[in-house]
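**Student:** when you get a sec, could you give me coordinates for this:
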Amino acid sequence: MKSFDKLPKQFQCEEVKHYYDILCKKTGSLVLKRITDLIFSVILLVILIIPIIIIAVAVKVTSKGPVFYRQVRVTTYGRHFKILKFRTMVENADKIGSLVTTDSDSRVTKVGRFLRKYRLDELPQIFNVLSGSMSVVGTRPEVPKYVEQYKPEYLATLLIPAGITSLASIMYKDEEKLLSSEQDVDKVYIEKILPEKMKYNLQYTENFGFRSDLKLMLKTVKEVFC
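**Tutor:** Below you'll find the predicted structure:
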């Protein structure tokens with residue numbers, strides 16, 4: 001990890017220091033996390049390369065637009081990167097609606113709805129993990145617009161890489177349904193849902209460890225397929 005005085009200025013506060021001190025004592029676990037990410041991603045890529053190709057073809061032939069959707073998100077120390085997903089919505093969907101998707105969102109394609117149900121749209125993020133911008137387990141990365149609304153303590157979740165799965169994403173797997181009846185989706189997300197998700201994200205950051213990551217991986221598989 002970077003020394004505390006080398007972190008971005010907004011990170012240099014007492015709220016973040018608490019979590020920073022905890023993570024500094026877990027350097028070995030952080031190194032093991034990266035090694036595990038690389039091994040796990042390579043294995044997944046070998047196993048899932050055929051399904052990934054099939055999904056790519058299905059997305060391309062059933063709706064107009066690119067196969068992949070790239071969106072700017074925020075990861076370690078506030079660094080921006082482009083998250084990679086299979087496109088599940090109509091082309092230019094982010095320009096004709098909210099950055100948050102609801103359960104009844106008309107922008108979602110038929111194939112996209114299936115992919116979202118089983119989180120198959122997340123598969124391309126294996127490449128984000130391989131590049132080092134993400135981890136298999138960690139806080140789900142938010143768009144800059146929402147990160148700008150973070151309270152100082154929330155920045156502690158950016159001390160470690162963003163993840164494909166997290167405790168918060170498991171607990172809020174029905175987020176789209178929760179937002180489906182709301183008029184101002186962005187407002188509700190920022191004021192109600194984001195603070196609740198951050199409680200789980202901070203809990204994960206404070207209790208980070210190799211074993212807890214493995215448990216979250218298994219819990220994610222159970223939630224998706226059981």
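**Student:** and the strands in the protein?
**Tutor:** Applying DSSP state E to the chain gives strands spanning 68-74, 80-86, 134-137, 162-165.
**Student:** contact partners for the residue nearest to the spatial centre of the chain?
**Tutor:** Geometric centre of the chain, nearest residue: R140, 2.6 Å, by Cα atoms, centre = their mean. Applying Cβ atoms under 8 Å, 6 or more residues apart in numbering to R140 gives the contacts A162, G163, T165, S166, A168, S169, K197. For glycine as for every other residue, the C-beta is placed from the backbone atoms N, C-alpha and C.
**Student:** just among those residues, which is most surrounded?
**Tutor:** Neighbour tally across the contacts of R140 (other Cβ atoms under 10 Å): the maximum, 29 neighbours, falls on G163.
**Student:** now it, nearest residue through space, not along the chain?
**Tutor:** Leaving aside its sequence neighbours, G163 sits nearest to G138 (Cβ to Cβ, 6 or more residues apart in numbering; 2.7 Å).
**Student:** list the contacts of the one you found.
**Tutor:** For G138, the contact set (Cβ under 8 Å, 6+ apart) comprises I160, P161, A162, G163, I164, S166, Y204.
**Student:** ok, how many other residues are close to P161?
**Tutor:** Residues near P161, counting by other Cβ under 10 Å: 25.
**Student:** what's the distance between it and F81?
**Tutor:** Per Cβ to Cβ, to the nearest Å, P161 is found 10 Å from F81.
**Student:** cool, V129 as well?
**Tutor:** V129 is 12 Å from F81, where distance means Cβ to Cβ.
**Student:** more neighbours, the two?
**Tutor:** A direct count of neighbours by other Cβ under 10 Å for V129 and F81 places V129 higher, at 24 against 20.
**Student:** and F11, how many neighbours?
**Tutor:** F11 has 20 neighbouring residues, counting by other Cβ under 10 Å.
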